[in-house]
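Colleague: Sequence unavailable; structure follows:
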């Protein structure tokens, strides 16, 4: 109502830096600080403000406030207690003069008034619940407890549902759109509801007209949109901007039929700009006040130009430049090389105008920032104005200004857009032909915004800003009423007719005239002023028709005689998708009248259209899906199948359903009723679910595979020790065994790119020695299992196969844990003489592999010698030593299953004053592979103390009994050293020393003698 202002201000001071085009946003202070948002009210256009005392003596924190759009007297304030433990509503029905407190039991995220019924309010809580009130917030009823976000969110995704507020429950809800929808895709504008779905990286867009069922929006077949933005839904028509598959920073503009289903191209390559949080700004602006007029910036080859249309995008033209500038000098801007171009940006600050300013209450009046030239220049923001809806333009400022229209455009206020403080504003009362200045304050302020009453019907405005970065806001009231002595009469107005740039008066099928105040009249238009004067219907012409769906014009910017031609993918004679057998349809001529065009008679490009009977069409686009889109379930779990058909007859079609487990059925009208098919699988497995739609005209089929999985576990089996660059088998075991398709991901080391297999094993090699972690993931349906092991990679090692007594098979359950435990037992027993790891193999009879390794602290040898007899010695030890263990009271033995040919090197410990060593090797040394180069001369290897000092560790040479202990380091198959201790008497030691000395002095002495001596000593020791 006139003169009423409600101000929510923060009483606390806080430092804020101002930037160009920005405004300080009111936010609660930090929790630790004192919070108190104070409400003020003014009833005299902001001259005086009265502080609202909502709760006497109690600090009140106002979180937000909402004004009813259909009755501005009704206001709801949302307030939190000082400790944020509860919330309350303050409700006013008299423009904020008085408030009634209403406690609530939930925390409000946002409130939403009904667009028509003023007492109905929805509340969306921070917990995701929805409450409804039908008495302006006095009583609230829980509408939906499950989480929702604009439309209902189910555990399986987002669904669109509807119900009556008075009786809304799970039983009364209606699912108008059967499938799941994308989050935040629901858009409600006027008579239309839009939503989108994404499946298999393909997005589909749907529309509901006047709350009827959803229909897929029909864009040209190969538009393949990456994004779609709703531009306008005025006058029963939808304008959308579509970013097609080949575009990056531009969109194409499309126009729909009245139902919003079929779309035709209007303008290509409209410039777009990405904003933070994935927002997109598209350079198209609907001129308010005159229906059918749009401005758009087109970007072609990096060049941006501004275009205008007067008939909803049917024809586009460049803006005519002015002949002179603001100083009266020639602009020298002549078409076709030079035009006027405007920046079509929205302001980030809601309290200032954007770069182009239009109002419903000021038809034909447009002010914008731009430049003259061959294209739009970003840094040029000169101000231009037109009072005849874009036909002629004048320059008014050299820099950008914020604009505010007062009294239906009778007064235009302009304040310079700058980051420095100001105290002067400019205003014009003759549509920008002349400008006056006014000092609105004695002290310069940083201007944050301009305010006036909604509708711009008064002559009172408020400038708000701050003197310094630390100061409070300053509100300055500017009242232009004293400048006008009287109200306007009919004699103070003159008429002007709307024409396009070619001078045509018939626009959108009618001649429209408006009235405006004479320049010589100083009077107030007032609240009762209406701008529209007369309208006259015209005869139809070619310009009143545009191309129908599936057709395109050859040149959108050329003459009106441009014809429409069918796209290569479109058959004009084909029946529409919703054509029902027995009904009739009309084939398209390629043209349709522009929506909202009221022309009559004259040219009719839609006449003489052929009528056809709808034929029986074969089903097409049949789909069967699972609600929730999960293709994996557990045995006994309920599963719901949904069958859809995009095209073809549905009334005369039978649907044969096979669920794969023996259940088969035949349905009629399955896709029309939308009735789901519910089923339950009892046993694990993969089930082929198919549906076949068939009628006389043809058939279609859809198949989906369902995996029914039991809860399972994953074990990773691999050889813990492998040789470098040797093949190794990595095996994954799933228990219980899963008959379904499983994908295995193998992550080796630190590689971020896994190897994928359908088999449960992987054969690979390790090129680098050391410890390598291998992780396997098994993906089956919607479950993912993982196990990880470390494998030791060495240059050389030896594998000795082991067997067990048959009694062990009785206790072998053939599971990974049992094999690991038995392997640890064998490893612990054999570790008395060998550094090794035992790995028990799966299956029966029970066998194992003994991986003989080099001790971790053992230095690498410079030379190795082999002998088969050493392995025989190890075999004898396994036969004669404690190579057994017990299970359930039974003693079980293990033994070697084959004799290998070892490589043996014996190194005696160094005695004071004496160097003793021996080298023994097999007679067939050329068949073995030694870690040391065989071309190296033996004499160069055995060089006395240096070799012994570098390789032998310092262990005790004797014990209490006077016996010496020496270590024999055995290279088994060119692998790692086995540290086996042998005990012998001092006599044995002297005997071996004597033999070595003989061998040193007489190189012709056979080496096999020394080998025999050593083997005899080794076998008979102790």
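Modeller: In hand now; what should we look at? It should be emphasised that the depicted structure is a prediction, and the values quoted were computed from it without experimental measurement. Residues are numbered from 1 along each chain as shown.
Colleague: Can you name the next helix or strand after the helix or strand containing residue 340?
Modeller: Assessed by DSSP states H and E, residue 340 sits inside strand 339-342. Counting by DSSP H and E, the next helix or strand C-terminal to strand 339-342 is strand 356-359.
Colleague: Would you tell me what the next helix or strand after that following strand is?
Modeller: strand 362-373.
Colleague: Parallel or antiparallel, list what pairs with that following strand.
Modeller: strand 339-342 (antiparallel), strand 356-359 (antiparallel), strand 382-386 (antiparallel) (DSSP bridges).
Colleague: now these in JSON lines, with distance to residue 723 and mean pLDDT?
Modeller: Heads up, the C-betas are built off the backbone N, CA and C, glycines and all. JSON lines is the format used below for these (distance: least, Cβ to Cβ, whole Å; pLDDT from 0 to 100):
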{"stretch": "strand 339-342", "distance to residue 723": "73", "mean pLDDT": "97"}
{"stretch": "strand 356-359", "distance to residue 723": "75", "mean pLDDT": "91"}
{"stretch": "strand 382-386", "distance to residue 723": "79", "mean pLDDT": "95"}
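Colleague: Would you mind finding the most buried of those?
Modeller: strand 339-342 (a mean of 25; mean count of other Cβ atoms under 10 Å).
Colleague: and of the strands paired with strand 362-373, who's closest to residue 702?
Modeller: strand 356-359 (50.4 Å; Cβ to Cβ).
Colleague: Run through who's touching that closest one.
Modeller: 285, 287-289, 295, 342-344, 365-369, 403, 405, 409, 456 (Cβ atoms under 8 Å, 6 or more residues apart in numbering).
Colleague: distance between that strand and the chain's centre?
Modeller: 35 Å (Cα atoms, centre = their mean, to the nearest Å).
Colleague: just checking, what packs against the strand or helix carrying residue 112?
Modeller: Taking DSSP H and E as the definition, one finds residue 112 inside strand 108-113. Applying 3 or more Cβ pairs under 8 Å, 6 or more residues apart in numbering; DSSP states H and E, we find strand 108-113 packed against strand 61-67, strand 75-80, strand 121-125.
Colleague: How far does it sit from its chain's centre?
Modeller: Distance, centroid of strand 108-113 to centroid of chain: 27 Å (Cα atoms, centre = their mean).
Colleague: which SS state does residue 438 fall under?
Modeller: Assigned by DSSP: H, G, I helix; E, B strand; the rest coil, the conformation of residue 438 is strand.
Colleague: wait, it sits on residue 429?
Modeller: No - the criterion here is Cβ atoms under 8 Å, and residue 438 misses it with residue 429 at 11.9 Å.
Colleague: So for the two, which sits in the more crowded spot?
Modeller: residue 429 (23 against 13; other Cβ atoms under 10 Å).
Colleague: Which one of the strands paired with strand 362-373 lies nearest to residue 695?
Modeller: Judging the strands paired with strand 362-373 by Cβ to Cβ, what sits closest to residue 695 is strand 356-359, at 54.6 Å.
Colleague: give me the number of residues near residue 641?
Modeller: 18.
Colleague: Kindly report the same for residue 258.
Modeller: 14.
Colleague: State the distance from it to residue 598.
Modeller: Using Cβ to Cβ, to the nearest Å, residue 258 is found at 14 Å from residue 598.
Colleague: again with residue 225
Modeller: 32 Å.
Colleague: In terms of neighbours, single out the busier of these two.
Modeller: Comparing residue 225 with residue 598 by other Cβ under 10 Å, the one with more neighbours is residue 225, at 22 against 14.
Colleague: residue contacts, that one?
Modeller: With Cβ under 8 Å, 6+ apart, residue 225 has these contacts: 203, 205, 219, 242, 243, 244, 245.
Colleague: change it to 10 Å
Modeller: 196, 203-205, 217, 219, 240-245, 247, 251-252, 254 (Cβ atoms under 10 Å, 6 or more residues apart in numbering).
Colleague: Top of those residues by number of neighbours, please.
Modeller: Neighbour counts for the contacts of residue 225 peak at residue 251, which has 29 neighbours (criterion: other Cβ under 10 Å).
Colleague: That one reaches residue 265, doesn't it?
Modeller: No - Residue 251 is not in contact with residue 265 according to Cβ atoms under 10 Å; the separation is 11.5 Å.
Colleague: between the two, what contacts are shared?
Modeller: residue 242.
Colleague: where does the stretch 551-700 of the chain have low pLDDT?
Modeller: 555-561, 629, 674 (pLDDT under 70).
Colleague: Do you have the helices of it handy? List them.
Modeller: 670-673 (DSSP state H, counting those that start in this stretch).
Colleague: give the contact list for residue 481.
Modeller: Residue 481 touches 45, 406, 407, 458, 459, 460, 524, counting by Cβ under 10 Å, 6+ apart.
Colleague: one more time with 8 Å
Modeller: By Cβ under 8 Å, 6+ apart, the neighbours of residue 481 are 459, 460, 524.
Colleague: and which of those is nearest residue 593?
Modeller: For the contacts of residue 481, the nearest to residue 593 is residue 524 (41.4 Å; Cβ to Cβ).
Colleague: what number of residues lie near the nearest residue to that closest one once chain neighbours are set aside?
Modeller: In space, and not counting its chain neighbours, residue 524 is closest to residue 484: 4.7 Å by Cβ to Cβ, 6 or more residues apart in numbering. Each residue near residue 484 was counted by other Cβ under 10 Å, and the total is 19.
Colleague: wait, doesn't residue 484 sit right on residue 521?
Modeller: No - between residue 484 and residue 521 there is no contact under Cβ under 8 Å: 9.5 Å.
Colleague: Find residues that contact each of the two.
Modeller: Joint contacts of residue 484 and residue 521 (Cβ under 8 Å, 6+ apart) do not exist.
Colleague: Please name whichever of the helices and strands packed on strand 108-113 is nearest to residue 565.
Modeller: Using Cβ to Cβ, these put strand 121-125 closest to residue 565, at 48.8 Å.
Colleague: and that closest one, what does it pack onto?
Modeller: Using 3+ Cβ pairs under 8 Å, 6+ apart, strand 121-125 sits against strand 108-113, strand 130-133.
Colleague: partner strands of the last one, parallel or antiparallel?
Modeller: Taking DSSP bridges as the criterion, strand 130-133 forms sheet pairs with strand 121-125 (antiparallel), strand 141-144 (antiparallel).
Colleague: Same check on the longest one?
Modeller: Paired strands of strand 108-113, with direction, are strand 121-125 (antiparallel) (DSSP bridges).
Colleague: So what touches the partner strand?
Modeller: 76, 104, 106-114, 130-133, 136-137, 140, 143, 148.
Colleague: please redo it, this time with the cut-off set to 10 Å
Modeller: 66, 68, 74, 76, 78, 87, 89, 91, 104-114, 129-137, 140, 142-143, 148-150, 165.
Colleague: Give the rounded mean pLDDT of that strand.
Modeller: When pLDDT is averaged along strand 121-125, the result is 89.
Colleague: got the angle for that strand vs strand 75-80?
Modeller: 20 degrees (axes from the mean of the first three to the mean of the last three Cα atoms, to 10 degrees).
Colleague: follow-up on the earlier one: can you put the strands paired with strand 362-373 in CSV and add distance to residue 765?
Modeller: Output for those, formatted as CSV (distance: least, Cβ to Cβ, whole Å):
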stretch, distance to residue 765
strand 339-342, 65
strand 356-359, 67
strand 382-386, 71
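Colleague: Out of those strands, the one nearest residue 766 is which?
Modeller: Nearest of the strands paired with strand 362-373 (Cβ to Cβ): strand 339-342, 65.3 Å.
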